[in-house]
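Asks: Show me the folded form of this:
(one chain, ligands or ions: 2)
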Amino acid sequence: MEKLIITAALTGAEVTKEHQPNLPVTPDEIVKEAEKAYKAGASIVHVHARKDNGDPTQDYEKYKEIKEKVEAKCPVIFQPSTGGATWHTPEQRLQPVELKPEMATLSTGTCNFGDDIFMNSQEYIEKFATKMKEYGVKPEIEVFEPGMINNAKRLVKKELIEAPLHFDFVLGVPGAMPGEPRNLMFMAESIPEGSTWTVAGIGKYETSLAAIAIAMGGHVRVGFEDNIYYRKGELAKSNAQLVERIARIAKELDREVATSDEAREILNLK
Ligand code: KMH
Ligand code: ZN
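Replies: Ligands and ions are numbered 1, 2, ... in the order given. Next up, the predicted model:
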């Protein structure tokens with residue numbers, strides 16, 4: 001099996017310090033958390049920016065500050081969100097792509113997201129993919145439902161994204177596909193041959209789906225965006241603590257953890 005890519009989803013758009021006191025919110029907190037997660041074995045950091053008051057923002061300048069500071073600290077792959085929060089406009093969401101990061105997320109469909117709707121029309125999916133192609137940004141294709149895989153295939157036909165594709169199966173968002181093992185199997189079987197994939201199990205699904213993915217040859221995303229607990233009723237101390245656990249499970253299952261440069265090779269980053 002190829003080495004394991006661990007992504008740390010550090011902050012997200014939904015969790016607050018009231019939920020998780022250790023949530024990194026300011027650029028300096030995010031950078032510190034990114035470096036710790038990198039040292040624990042993360043080769044990618046998935047980043048959402050926040051305003052000074054903690055509200056999610058897709059502001060170009062905030063992402064620029066975080067990207068530059070992270071890159072000054074460590075060679076981790078910087079992957080900004082283009083999902084933002086459900087209430088951000090598509091134009092707001094696209095701003096971090098202007099920084100020409102190595103990767104960025106690309107959600108390929110609409111779904112319920114808790115009490116909200118995460119809206120991604122075909123028109124905007126294509127706009128996002130076109131911009132990423134123009135700027136040489138590798139999309140991590142975020143799929144919350146099986147139909148989103150078909151939408152990604154549609155983008156390949158339109159030559160807006162190219163193989164080998166890289167997917168993130170986000171399973172367990174309330175209102176979207178639950179994080180049952182059979183759903184992960186189905187998703188992994190449904191993507192084009194030669195694609196790579198990672199899994200982001202939300203909440204209670206995080207660790208069990210990660211262990212299954214490690215055994216299947218997939219990759220893993222953990223972090224406060226997806227899950228704030230170390231175990232039931234016990235908040236995690238840091239994103240790094242969640243990454244460390246994945247690195248330990250991988251070791252037990254004889255799967256080596258990829259460095260950032262190895263992850264770049266696995267993902268065909270230019
Ligand atoms: N916050 C969600 C509405 C992404 O980062 O690309 C969308 C999201 C996906 O988090
Ligand atoms: Zn995200």
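
Asks: which bits of the stretch 51-200 of the chain sit near ligand 1?
Replies: Within reach of ligand 1 by CB under 6 Å from any ligand atom, the stretch 51-200 of the chain has these residues: Ser81, Thr82, Gly83, Ala85, Thr86, Thr105, Ser107, Phe113, Phe118, Glu142. Bear in mind the C-beta positions are built from the backbone N, C-alpha and C, glycine included.

Asks: at 8 Å what do you get?
Replies: Within the stretch 51-200 of the chain, the residues that sit near ligand 1 (CB under 8 Å from any ligand atom) are 56, 81-86, 104-107, 113, 116, 118, 140, 142, 170.

Asks: Give me the subset of the residues you listed that also touch ligand 2.
Replies: Of the entries in these, the ones placed beside ligand 2 under the rule of CB under 5 Å from the ion are Ser81, Gly83.

Asks: Ile6 touches Lys39, doesn't it?
Replies: No. Distance between Ile6 and Lys39: 11.8 Å, which falls outside the contact criterion (CB atoms under 8 Å).

Asks: Pick out whichever of those two has more residues nearby.
Replies: The residue with more neighbours, out of Ile6 and Lys39 and counting by other CB atoms under 10 Å, is Ile6; that gives 29 against 13.

Asks: Most proximal residue of the stretch 101-250 of the chain with respect to ligand 2?
Replies: Closest approach of the stretch 101-250 of the chain to ligand 2 (CB to the ion) occurs at Glu225, with a separation of 5.3 Å.

Asks: How far off centre is stretch 121-140?
Replies: Averaging C-alpha positions (CA atoms, centre = their mean, to the nearest Å) puts stretch 121-140 16 Å from its chain's average.

Asks: ok, residues contacting it?
Replies: In this structure, residues lying in contact with stretch 121-140 by CB atoms under 8 Å, 6 or more residues apart in numbering are 46, 79, 82, 90, 93-94, 97-98, 100-110, 151, 154-155, 158, 160-161, 165-168, 198, 267-270.

Asks: Appreciated, that's everything.
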